[in-house]
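Colleague: Here is my input; please provide its structure:
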Amino acid sequence: MMRAMYPGPRNLITDVAGIKVGNAQDARLKSGSTVLIGDAPFTASVHVMGGAPGTRETDLLAPDKTVAAVDALVLSGGSAYGLDACSGVVDALRARGRGFRVGDALIPLVPGAILFDLLNGGDKEWAQNPYADLGRKALEAAGKEFEIGSVGAGTGALSAMVKGGLGSASLQLPDGSMVGALVGANPVGAVTTPGDRHFHAAPFEIDGEFGGLGPDPSAGLGLTFESRKMAAMSARANTTIAIVATDAALTKAECQRVAVAAHDGIARAVVPAHMPNDGDLVFSLSTAARPAGDVAMVGHAAALCLSRAIARAIYTATPAEGDLLPCWSSLNA
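Modeller: Sure, this is the predicted structure:
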């Protein structure tokens, strides 16, 4: 009988050897950025399934493209403005002497993705785009321990019915390799079932990590769709962006297959998912700190981690002045 998978010691993506994560946010802005940085450049790829993505330098992650490794990945609020968080990270890494060298030129490679939080009640009347600074600050804060909930890229996130957030989870595979997920959950769909108490991801919960309430006993879920978010703002204010990671050695093509598989984790945790007004995207990376792993098992574990991370994002979200939607914790105190 195959040994079960278990969460890592932190139950965070940083249980994967060789990576750190940092957050930066602005409470007045109701937005922020999250940076994942490798101790060394890492192999990465990406897969997009939403109809309205916002990205930077994702083309270079295709298996047929020349670039073999990147230095960091960025998740950010701010829609198109938030892509400038990558610029802040690029500048800071260049100052550290980090990047891809071409002759005398040094080029940090930092792909990124954004979610739309421009209509969430925060003060967006800036004179200068704030996201480059948020990217730099998130990089400076990077470590093995980091907060989840209403921080970083999840600061201003909203699901259909309750406040969204930043989430993370991990699993150790039977062969000893580690898999983790990091997500900014801001979907069109609902992460909770009708009544705002149970999570769609409940069948995959481990050790009460998002309340331990179990699955909704009701049948016929998903036949109707209610959205407080759509009532409060534009239907376009969405997107779930994520990173899944492993320390098992994977090729770029294998990373892409893991990213594809990980999207199942969004579909299991968000109903409906991958909508035309979502920009659902998953980056997948390998630090190759361990020998080559079972790609199928890594993809399966990545999907499980991503479902749990989405529910944890909503479960740990905290209220703030001017919020348009309630937190799960406020409705279930």
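Colleague: List the residues that contact residue 303.
Modeller: The neighbours of residue 303, taking Cβ atoms under 8 Å, 6 or more residues apart in numbering as the test, are 261-265, 268. C-beta: built from backbone N, CA, C; applies to glycine.
Colleague: Looking at these, which one is closest to residue 304?
Modeller: Within those, proximity to residue 304 (Cβ to Cβ) peaks at residue 265, which comes in at 6.6 Å.
Colleague: Name the nearest residue to that closest one, ignoring sequence neighbours.
Modeller: residue 306 (2.9 Å; Cβ to Cβ, 6 or more residues apart in numbering).
Colleague: Give me the pLDDT for that neighbour.
Modeller: pLDDT recorded at residue 306 is 98.
Colleague: Strands of this protein, start to end?
Modeller: 19-26, 31-48, 55-56, 70-76, 100-102, 105-107, 112-114, 165-172, 178-186, 239-249, 281-292 (DSSP state E).
Colleague: how near is the nearest residue to residue 293 once chain neighbours are set aside to residue 296?
Modeller: Leaving aside its chain neighbours, residue 293 sits nearest to residue 248 (2.8 Å; criterion: Cβ to Cβ, 6+ apart). Using Cβ to Cβ, to the nearest Å, one gets 12 Å for the distance from residue 248 to residue 296.
Colleague: same question, residue 224
Modeller: Note on residue 224: its distance to residue 296, by Cβ to Cβ, is 36 Å.
Colleague: More neighbours: these two, which one.
Modeller: residue 296 (11 against 7; other Cβ atoms under 10 Å).
Colleague: Please verify my assumption that residue 68 contacts residue 43.
Modeller: Yes - applying Cβ atoms under 8 Å, one finds residue 68 in contact with residue 43, separated by 6.9 Å.
Colleague: Please identify which of the two sits among more neighbours.
Modeller: The neighbour comparison of residue 68 against residue 43 (other Cβ under 10 Å) goes to residue 43, with 22 against 14.
Colleague: Where does pLDDT dip in the stretch 51-200 of the chain?
Modeller: Of all residues in the stretch 51-200 of the chain, none has pLDDT under 70.
Colleague: Would you map the helices across it?
Modeller: For the stretch 51-200 of the chain, the helices defined by DSSP state H, counting those that start in this stretch occupy 79-82, 84-95, 131-140.
Colleague: got those helices as CSV, with mean neighbour count columns?
Modeller: Converted to CSV, these look like this (neighbours: other Cβ atoms under 10 Å):
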stretch, mean neighbour count
helix 79-82, 21
helix 84-95, 22
helix 131-140, 25
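Colleague: Using JSON lines, lay out those helices together with distance to residue 184.
Modeller: Formatted as JSON lines, the helices of the stretch 51-200 of the chain follow (distance: least, Cβ to Cβ, whole Å):
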{"stretch": "helix 79-82", "distance to residue 184": "10"}
{"stretch": "helix 84-95", "distance to residue 184": "12"}
{"stretch": "helix 131-140", "distance to residue 184": "12"}
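Colleague: Which among these is found nearest to residue 283?
Modeller: helix 84-95 (12.6 Å).
Colleague: And stretch 56-75, end to end?
Modeller: 10 Å (Cα to Cα, to the nearest Å).
Colleague: Tell me which residues of that stretch come out buried.
Modeller: By 16 or more other Cβ atoms under 10 Å, the buried positions in stretch 56-75 come out as 56-58, 61, 67, 69-75.
Colleague: Please apply the same query to stretch 173-187.
Modeller: 173, 177-187.
Colleague: Roughly how far does the closest residue in space to residue 69 that isn't next to it in sequence sit from residue 98?
Modeller: Among residues not flanking residue 69 along the chain, residue 41 sits closest, at 3.6 Å (Cβ to Cβ, 6+ apart). Per Cβ to Cβ, residue 41 is found 9 Å from residue 98.
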